[in-house]
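Peer 1: What follows is a predicted structure for the sequence shown.
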Amino acid sequence: MTDTSMLKIVTRTREMRILSSLNTLLQGVPASGRATLDAVLEGIRALFSGDRETRRRVAFSVAVIALSAKMAKADGIVTVEEVAAFQQILEIPPEEMRNVFRLYDLAKQDIAGFEAYAARLRGLCRDEDGDCALLGDVLDGLFHIAKADGLVHERELAFLSEVGRIFGLTDAEFARIRDRHIRGPDDPYAVLGLEPDTAPEEARARYLTLVKENHPDRLASRGVPDEFMFIANERMKAINAAYGQIAGKTAA
């Protein structure tokens, strides 16, 4: 068996363990959906009190599910494409689909606003890591879902902007994530966070910095959950494509 095959088996086993825990966690959540996130996060703390890595992974999987539900509620529409994008991030095993969408539905029903969910996640993240870079990854995942139907709608963008603010992202950090998803191939400089008149050598230096910061291997070494590796790979594709466009223009 190759190392790659073994890694896939280990990753799949982790995903199944994480998502299968939802059944246990949801048993303590009121049917009305009231205070869903608080109940689930407290359950995570208790269930995985001695396993920091799994506790972190479950918490952020739950965050993507819950905030995706809140975004759908804010937009008022859930498309087939958005559901498919959601599944790309979490790679939900068929046998766990019911639990995942039960949490999704409970989060939509919860009377707590999305602001409370985002603030709760930021607090949890800081408890674990201080200033948590994973919050940017969560926002990246939400943008991936929002754009899946071909357009990030005005209400979705307002939702994402407020989530970014609550997460503590700077205006520049939020703009880079937004522009990568919305402007993409139409504005490669925006994807790299550069001005159109940036000198070629400065553009290359910026590109190399972003590659170093966002390489999936580096994210894995800092404990980024496997669920977010899809987002990391998509981010690297966008960065490489943007620099390829810029370098091509310079060469021409």
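Peer 2: Sure thing, it's come through.

Peer 1: where does the protein have its least confident helix or strand?
Peer 2: helix 3-26 (a mean of 50; mean pLDDT, DSSP states H and E).

Peer 1: Next secondary structure after it?
Peer 2: helix 36-47 (DSSP states H and E).

Peer 1: elements contacting that next one?
Peer 2: Helix 36-47 is packed against helix 3-26, helix 52-75, helix 97-109, helix 114-129, with contacts defined by 3 or more Cβ pairs under 8 Å, 6 or more residues apart in numbering; DSSP states H and E. Yep, even glycine has a C-beta here, placed from its N, CA and C like the rest.

Peer 1: Tell me the first helix or strand C-terminal of the strand or helix carrying Arg206.
Peer 2: Using DSSP H and E, Arg206 sits in helix 200-214. Sequence-wise, the next helix or strand downstream of helix 200-214 (DSSP H and E) is helix 216-221.

Peer 1: Tell me which other helices or strands the next helix-or-strand element following that following helix touches.
Peer 2: Next along the chain after helix 216-221, taking DSSP H and E as the criterion, comes helix 229-251. Packing partners of helix 229-251 (3+ Cβ pairs under 8 Å, 6+ apart): helix 80-90, helix 134-146, helix 171-182, helix 188-191, helix 200-214, helix 216-221.

Peer 1: quick revisit: and the helix holding Arg206 with helix 229-251, angle?
Peer 2: 170 degrees (axes from the mean of the first three to the mean of the last three Cα atoms, to 10 degrees).

Peer 1: if we can go back for a sec, in JSON lines, list the helices and strands packed on helix 229-251 along with mean neighbour count, mean pLDDT and distance to Arg165.
Peer 2: Output for the helices and strands packed on helix 229-251, formatted as JSON lines (neighbours: other Cβ atoms under 10 Å; pLDDT from 0 to 100; distance: least, Cβ to Cβ, whole Å):
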{"stretch": "helix 80-90", "mean neighbour count": "17", "mean pLDDT": "82", "distance to Arg165": "22"}
{"stretch": "helix 134-146", "mean neighbour count": "23", "mean pLDDT": "88", "distance to Arg165": "10"}
{"stretch": "helix 171-182", "mean neighbour count": "17", "mean pLDDT": "90", "distance to Arg165": "8"}
{"stretch": "helix 188-191", "mean neighbour count": "22", "mean pLDDT": "90", "distance to Arg165": "20"}
{"stretch": "helix 200-214", "mean neighbour count": "14", "mean pLDDT": "92", "distance to Arg165": "22"}
{"stretch": "helix 216-221", "mean neighbour count": "14", "mean pLDDT": "73", "distance to Arg165": "24"}
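
Peer 1: Tabulate those (TSV), appending distance to Arg235.
Peer 2: Formatted as TSV, the helices and strands packed on helix 229-251 follow (distance: least, Cβ to Cβ, whole Å):
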stretch	distance to Arg235
helix 80-90	12
helix 134-146	6
helix 171-182	7
helix 188-191	10
helix 200-214	5
helix 216-221	9
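
Peer 1: which stretch among these comes nearest Asn240?
Peer 2: Between Asn240 and those, the shortest gap by Cβ to Cβ is with helix 200-214, which sits at 7.8 Å.

Peer 1: Give me the distance between the closest one and the centre of its chain.
Peer 2: Helix 200-214 sits 23 Å away from the centroid of its parent chain (Cα atoms, centre = their mean, to the nearest Å).
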